[in-house]
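[1] missing the sequence, but the structure's below:
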């Protein structure tokens, strides 16, 4: 379930690094906790964020949750398909349900993120 | 977690785990919030049927020659209008006419009533009732003698009829019979918390798993799904039914909450009557409204309601309506802002959502 190619945050985001681009989504555990996703509030391309900023929000039928970036960066792409099909976050959270792509320069915060194994342990605890 | 220290489990706990339910602690109970998709469970209840385990609800038996007099004093609805086989919706009110809880009152026999209360308020209710004793009336907590299943939806009667000899079509809304379902003793009550046709089944906890299994097995082809607390909440919100801790609490009265029809001022003395008389004459300072969000966004309980840049009220429930596919909610505003089509704003941190007042309930089934 939790791929070694991703890094994970305590707030249940995953990150995939592709050169200087970081793709961010929410984990399978997070989508199960939220329940059926009905709205996703994403930033605009060009928006900049500092580490630990909330870059968007996810509304499920029961609750709302902010999503955060551990890295500073500029948004280069948002997953526009989620506007019409937010349920993709439930169906494929680590794949087609990605949220944003961020261009980052400082990769230092990545060192404090969890590996797949560590994340799996943290959600079983 | 051991059973001794963890949340309580209903007689159907194993069934929920086996079905892969996501469990949450609710009012001290480990309850299923959803089995799969709560939107699917909601739609199953509107279009076919859903089966809920609501065994966490509390039941009090009130008996004795003073039982009627006691309940007349403790609740605003007219208990004298009940008869064996009939139930009504009512409340426990303070002297200030605010809610300690809402409840159902079933008359089982002469001088013999069953009160069905919210799990979260069970201990407080018992204390409240016992602090207003009547010499000729006893109050017993029978909550552990009952499991409670709710079978709700347009197919509910058809599914249930396969398991009982009772003529279900003859049981009118808020009436009940004591009979059998799937071969076990059961109180079959034509009530519910979804806005759909359906029954609530009170039975011995030991009998509940077999009845649960029988109903699910025979209803599968009809589209029956087990449904969790998430669907229960979105269904009751669409149906405009109050939930304690949201629309009603110690700060709200029945008139404010649009539940004035439970108040029978002329039946005689009861707790809260003087305050309610005053509100009936002079009106209330706040009024419950239903609203829908125009455009994007979902309001949640506790969000502020604004009107022309002034904070005027608070959201009491908010969520997604699977039936209308838009965000809806309830909240309190001054009466002059409660008219249908009034435009309001919901404040979520720095964001503002536009909301429009709509008529309650949001949803009413067609054959009502």
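    Cool, got the structure. Computed from a predicted structure; not experimentally measured.
[2] which residues of chain A lie near chain B?
    A:32, A:35-36, A:38-39, A:41, A:59-64, A:90 (Cβ under 8 Å from any Cβ of the partner chain). In short, each C-beta sits where N, CA and C put it, glycine included.
[3] before we move on, what SS does the most centrally placed residue in chain A have?
    By Cα atoms, centre = their mean, chain A has its centre lying nearest to residue A:25, at 2.4 Å. Secondary structure, DSSP: H, G, I helix; E, B strand; the rest coil: residue A:25 is strand.
[4] gap between residue B:95 and residue B:276?
    When distance is defined by Cβ to Cβ, to the nearest Å, residue B:95 is 11 Å away from residue B:276.
[5] who has more neighbours, these two?
    Using other Cβ atoms under 10 Å in any protein chain shown as the criterion, residue B:95 and residue B:276 rank with residue B:276 on top: 23 against 10.
[6] just checking, the more buried one touches residue B:257?
    No. With contact defined as Cβ atoms under 8 Å, residue B:276 does not reach residue B:257; the gap is 11.9 Å.
[7] most proximal residue of the stretch 251-368 of chain B with respect to chain A?
    Using Cβ to the nearest Cβ, the closest approach of the stretch 251-368 of chain B to chain A is made by residue B:320 at 4.1 Å.
[8] burial of that residue, as a residue count?
    Neighbour tally, residue B:320, other Cβ under 10 Å: 26.
[9] any idea which element it lies in?
    Here residue B:320, judged by DSSP states H and E, is contained in strand B:310-321.
[10] check which residues of that strand are buried.
    For strand B:310-321, the neighbour count (16 or more other Cβ atoms under 10 Å in any protein chain shown) marks B:312-313, B:315-321 as buried.
[11] chain center to it, what's the gap?
    Distance of strand B:310-321 from the chain centroid (Cα atoms, centre = their mean, to the nearest Å) equals 19 Å.
[12] and what of stretch A:57-66?
    Taking mean C-alpha positions (Cα atoms, centre = their mean), stretch A:57-66 and its chain are 14 Å apart.
[13] can you list the neighbours in contact with it?
    With contacts defined as Cβ atoms under 8 Å, 6 or more residues apart in numbering or on different chains, stretch A:57-66 is touched by A:26, A:30, A:34-41, A:54, A:56, A:67, A:89, B:33, B:38-39, B:230, B:233-234, B:297-298, B:300, B:319-320, B:322.
[14] buried only: go through these for me.
    Among the contacts of stretch A:57-66, those scoring as buried are A:26, A:30, A:34-41, A:56, A:67, A:89, B:33, B:38-39, B:230, B:233-234, B:297-298, B:300, B:319-320, B:322 (criterion: 16+ other Cβ under 10 Å).
[15] and the pLDDT at residue B:2?
    With respect to pLDDT, residue B:2 scores 46.
[16] repeat for residue B:349
    For residue B:349, the model assigns a pLDDT of 75.
[17] again with residue A:58
    95.
[18] got the phi/psi numbers for it?
    Backbone torsions of residue A:58, given as degrees, to the nearest 10, read phi -120, psi 130.
[19] that concludes my questions; thank you for your assistance.
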